[in-house]
Each structure stands twice: as C-alpha cells, then as structure tokens.
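Q: Predicted model and sequence follow; I will ask about them next.
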Amino acid sequence: MKHLAYLNKYLWKYRLYLIPGIFFVIVSNIFGVLPAPVIRLSFDLVTENIRIYHLYNGFERQKVIYDFLGQSLLLFGAIVLVMALLRGLFLFFMRQTIILMSRHIEFDLKNEIYNHYQTLSLAFYRRNNTGDLMNRVTEDVSRVRMYLGPSIMYAINTAVLFLMVIYAMLAVNVRLAIFSLLPLPVLALAIYIVNTEINHRSERIQERLSGLSSFVQESFSGIRVIKSYVREKFISDSFRKESEAYKTDSLSLVKVQALFYPVMLLLAGLSTLITIYVGGIEVMKGNITAGNIAEFVVYVNLLTFPVLSLGWITSLIQRAAASQKRINEYLGTISEIDQPNLSETEIKGNIEFKNVSFVYSDTKIMALKEVSFTAAPGELIAVIGRTGSGKSTIANLLMRMYDCTSGEILIDGIPIQQLNLKNYRAQTGFVPQEVFLFSDTIANNIAFSADVLDMPRVENAARSAAVYDNIAAFDEGFKTMIGERGVTLSGGQKQRVSIARAVFKRPKILIFDDCLSAVDTKTEEEILNNLGEVMKGRTSILIAHRISTIKNADKIIVLDNGKIVEQGTHQALMEQKGSYYELYEKQLLEESETIA
C-alpha cells in the first residue's frame, strides 16, 4: 500500500465525493442487514401459528388465525421488499459518488503524468521507449482507477457489512456465530498466501505489456522499412513471441485466481452447512428458535459476496499497487534541466560558448571538448564537420535540451541556466535534423507556435521556405492533412515545412540543424536566398555538411571529433588549406564524379 499512498492527496481533494459515498455504503448495508430479523420473526410467527392453527382444528377461530398469518406474511414480505429497494437506491448513490470520484482522479492523474513528461529532458526520452511511456498513462492509470473506484467501494462495503453482520450474529448466539464464522480465518490465510503471488505476476504482466506496446509502436512507425526489406514474416514471428510471453504470464495469473475462487465458494458453502447443523443442535437445546437459523443463513449469505469479493479486491489492489509503483518511478524522475521561474526578458541574440564540453550520460560519449566561439546579434554562424563531430550537440545545447557538462553558454551575457526557459525557447526557432510533423493540416503544422491561425503569416513563411508552390499544388492547399509523421509529403517537402514552422515564429535566434540535406542544390539556393531576408537582424546558427550551404556565412566553425579545429570566413579558411579546404576539395570531387 505504500505505493498507493501517493493517491491520498486525490482522495482528500475529492473528499466531498468519498465521504457521502461512505455514508451511502453504511445506510445501504443497514437496509441489507435489517431483513434478517424480519425473516426470523416471520419464521417464528409461522411456526407458532401453525401449532395454534392445529389446536383450533374444527373451530371458526382457525380461519381467523389463517387470515392473520397470511396478512402478517404479506406485511413481512412487503417490508423485506421495501428494504431491498431502499438498499438498491443507496447502492446507486454509492456508485454515483465513489465511482464518479475515481473517474475524476483518473483524469487528474493522467494529466499529472502527461504534464510531468513535458518537463523532463531529452535524456529521459533517450533512456525510455515510447510504448512504455504510453502504457503508464493508459493501462497503468486504468488499473489504478479500478482501485480508486470498485476496489475502495467494495472494500468499504465489505468492511461495514462484516462489522454489522458479525455484531448481529454475536448478539443472537455466540456459539453459533463462532461456528458459522470458523471458515473465515482459513480464507484469510488463503488470501495472504495468494496476495504475494498475485503481486509478482501482475508486475511481470505489466512489464510484458509495456514491451509489447513498444514493439507494436516501433513496427508501425517503421512499416516502410519493414516492407522495403520484406521482413513482414520476421516481424510477425517476433510479435507472436512477444504475445506468447504476455499470454503465458497472463494465464499464470488466471490459474492462481481460478484456484482461489472455488476455494472461497467451498468455504462459504461450508459456513452455511455448519450454521444449519450447529443451529439445529441449539434449537433442540432450546437456546434459539428455528427463525434464528433462518436469520443466520441470511447473514451467512450476506457475507458470501463480500467473502467472494475479497479475492477480487485483493487482486485489484495488488495490480493497482504494481501499476502505481511504475507510475511513481516516472513521477519521481527529476528533470536534469532546471527550469527557474524567472521574469521574462527579450533577448537580442548574442551567443557565447566558453570552453563548453559535453558528455552524453547514457553512452558516456564526449561529444564536445572545450568549444569556444561567439555570435553577435544578426550574424550567421555556420557549423560544419564530419558525421559524429558534435554539430547537432551544439544545436541541442543552444536549445537547452541538455546542460553542458563543463564550461558556460551565455545568451546576451547571461548564463543560459539563468534564463526563463519557456520564454527563451519561445524566442528561438529550431529546425531539427530529424523532421517531425503532426497529423494535422499543413497550415496548422506551420503555425504550430501560435494559438491563432494567421494565414497570411503562414503563407509568407511557406514562401521563405520555398514550399509555397508545392502546397498550392495540392487539391486542398494549406488545408491538406499530413499523415502520421508527415508520411504524405516527400523528404524535401517535410524539411521545408519544418523550416517554415521555425520562420513563422519570427524568432530572435534561428538554429538550422542540417535541415537542407534532403533538398537539391537548386532548391537549397532558393531557400537560402529567401531566408536571407528572414535572417536579417536575427542571430542564425546554420549546421550543414555541404560547403555550398554555408560559404556565405559571417563565420564558419569547423568541428572534428568534438573540437573546433578551424574557424573564420570561407575565404580565410580556403587560404589556410587545412581541414575545411580538404573537405571542400573532397566535395568538389564527389560532385564532379556524380555529374560524370
């Protein structure tokens, strides 16, 4: 229960649902227990009046006794029926309060988890797969809701009913009550033994389900690769193995429960047999009446459902505890990126890297080693280098997706950690290397940073990214729906829409992370010419692998193995005849071979 204690704050928040719900549970159980004494009275009445009826055999008074007995039984039946209706009414109220509370908490918990996900750094998403993240928001929260709703409701109902029934039984006859309740300790022991096993198997099932969800999500995301390499059968076989493992674990849990419930039914039936046998002996001794036996049978039957539900409630609690434990693991994760609640400031775009080094925490790879450079407001700084040289790491550090391991990054002379992060990112336009588009219209994807769709501004951004004509050629133009991850667009179109999305923000700092790799040189030149107007007065960081993309930059930084080996203008670097010159000559040779 220590993991479920996290939910106490929600139970307190919705106490105006929980407290009336508990009241309705108590009242409904009162109307559930009261019919038992009524049945006892009716049984005793029948027994006594039958004897009197036979004594007046042949007398007119016999008919009076007969009519009185019939009317009395009709009255008792009506009382039992009214009590059953009242119990049903209060059970309805009980569900309308406690189950409603569980739905409110489910809503709040899902939002809390999702909002917490939003605060976590990029490193967290590198460590965890998407399927597992989704499973904790959906499947795990659903199991927790079953604890907050049905489990709490039936647990309170069971506890209240047990207290009421046992008190009533002891008040009638202690010896009969003890014998009737004799199987319950055995049942309690059985529940205790099974609890641990249910808990272990539930955790294993949840882990399997997360793995299965991740596998399916990854398969659908990479369906084009699967089809291209004709690996459908291999993926299907792998899915079958994952499903088989999940089925095996699920069946192992079902087997435990399948054995558990018949044992509970047997023990509940045994209580009824013991009640009738011991009750009969007590009647013969004159300690109780026959009506008391009927009353006890009703009490035992009242306890049958709570006894049966104990195993189910226990299973729900154990599975909810396992799910809440998994949820708490993520809710307890603290973001590596501190987000101070500072005042918002307008940035000018002065960037300075001071001896910045960075090591990825998961792989321990040193991506940058003592990198230092400056960018004045309005300058275009280009970064070039071989694959794995640390170019994208500079972009991620500038967006503060990570914090540098050592050194310092200054924005307008202020350490980046001391800026209001949301305000800073709102003034920064970022075009990632891996383009991601949402399943929405092209216009909404471009205007993603705005709450209101400004179509003239969207169209201007599309023109700047040289994608306006492509969009206009679609039947529905800017209203064209983009498939999942932009599957309906070509690679070049996706990159240009991504550029338009960054331009639409009108940011003070623009970061292009090798975003022109999927377009031809002619389109690249058109985009760069259009962006020339956009980038005026804005600090721009252009990361590329083609020299043709960056040769007009105010400053070019050449990276190699995480270090700056050269920096300067295109002309100055060409004159040095170092790494940049070699890279330029190599690209010229590759282009000439391609043309040939």
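A: Ah, there it is.
Q: got the phi/psi numbers for H3?
A: Main-chain dihedrals, H3, degrees, to the nearest 10: phi -70, psi -40.
Q: From G279, how far off is it?
A: In this view, H3 and G279 are 45 Å apart by Cβ to Cβ, to the nearest Å. Glycine gets a C-beta too; all of them are placed from N, C-alpha and C.
Q: more crowded one of those two?
A: More crowded of H3 and G279, by other Cβ atoms under 10 Å: G279, with 25 against 17.
Q: Secondary structure element holding the more buried one?
A: Using DSSP states H and E, G279 sits in helix 232-285.
Q: That helix: what's the following helix or strand?
A: Scanning forward in sequence from helix 232-285 by DSSP H and E, the next helix or strand is helix 290-331.
Q: average pLDDT for that next one?
A: Helix 290-331 shows an average pLDDT of 82 in the prediction.
Q: just the angle between it and helix 232-285, please?
A: Orientation check (axes from the mean of the first three to the mean of the last three Cα atoms, to 10 degrees): helix 290-331 against helix 232-285 gives 150 degrees.
Q: Please pull up the helix or strand immediately following helix 290-331.
A: Note on helix 290-331: by DSSP H and E, the next helix or strand toward the C-terminus is strand 351-359.
Q: neighbouring contacts of that next one?
A: By Cβ atoms under 8 Å, 6 or more residues apart in numbering, the surrounding residues in contact with strand 351-359 are 365-375, 381, 390, 393-394, 397-398, 402, 404-411, 413, 509, 539, 541.
Q: Remind me what the helix holding G279 packs against, helices and strands.
A: Judged by 3 or more Cβ pairs under 8 Å, 6 or more residues apart in numbering; DSSP states H and E, the packing partners of helix 232-285 are helix 174-180, helix 183-221, helix 290-331.
Q: Would you mind pulling the contact partners of the first one?
A: The set of residues that contact helix 174-180 without belonging to it, under Cβ under 8 Å, 6+ apart, is 166, 169-170, 271, 274-275, 278-279, 282, 287-288, 292, 296, 299-300.
Q: For T428, list each beta-bridge partner.
A: Residues in a beta bridge with T428, per DSSP bridges, are I509.
Q: Next one: it from M399, what distance?
A: From T428 across to M399, the span is 6 Å (Cβ to Cβ).
Q: Would you mind listing the residues touching both of those two?
A: I511.
Q: domain assignment for the chain?
A: 4-211+248-331, 351-427+507-595, 437-497 (automatic domain parsing).
Q: and the residue sitting nearest the centre point of the chain, what is it in contact with?
A: Per Cα atoms, centre = their mean, the C-alpha nearest to the average position across the chain is that of V137, at 0.8 Å. For V137, the contact set (Cβ under 8 Å, 6+ apart) comprises 110, 113-114, 117.
Q: what do you get for Y125?
A: Per Cβ under 8 Å, 6+ apart, neighbours of Y125: L133.
Q: what's the pLDDT at it?
A: At Y125, pLDDT is 82.
Q: Distance check, the residue nearest to the centre of the chain against G131.
A: Note on V137: its distance to G131, by Cβ to Cβ, is 11 Å.
Q: Repeat that for L342.
A: Distance of L342 to G131, computed by Cβ to Cβ: 36 Å.
Q: So these two - more neighbours on which side?
A: Neighbours were counted for L342 and for G131 using other Cβ under 10 Å; G131 has more, 18 against 13.
Q: ok, and for the host helix or strand of that one, which residues are buried?
A: Here G131 is covered by helix 130-137, with elements defined by DSSP H and E. By neighbour count on 16 or more other Cβ atoms under 10 Å, the buried set for helix 130-137 is 131-133, 135-137.
Q: Go through the helices and strands packed on helix 232-285 and pick out the most buried.
A: Of all the helices and strands packed on helix 232-285, helix 290-331 has the most neighbours on average by mean count of other Cβ atoms under 10 Å, namely a mean of 21.
Q: what's the offset of that helix from the middle of its chain?
A: Remark: helix 290-331 is offset 27 Å from the chain centroid, using Cα atoms, centre = their mean, to the nearest Å.
Q: same question, stretch 18-25
A: Using Cα atoms, centre = their mean, the offset of stretch 18-25 from its chain centre is 29 Å.
Q: okay but D249 is in contact with Q206, surely?
A: No - assessed by Cβ atoms under 8 Å, D249 is found out of contact with Q206, at 9.5 Å.
Q: Now render the domains of the chain as a markdown table, adding distance to R231.
A: Shown next, in a markdown table, are these (distance: least, Cβ to Cβ, whole Å):
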| stretch | distance to R231 |
| --- | --- |
| domain 4-211+248-331 | 19 |
| domain 351-427+507-595 | 25 |
| domain 437-497 | 19 |
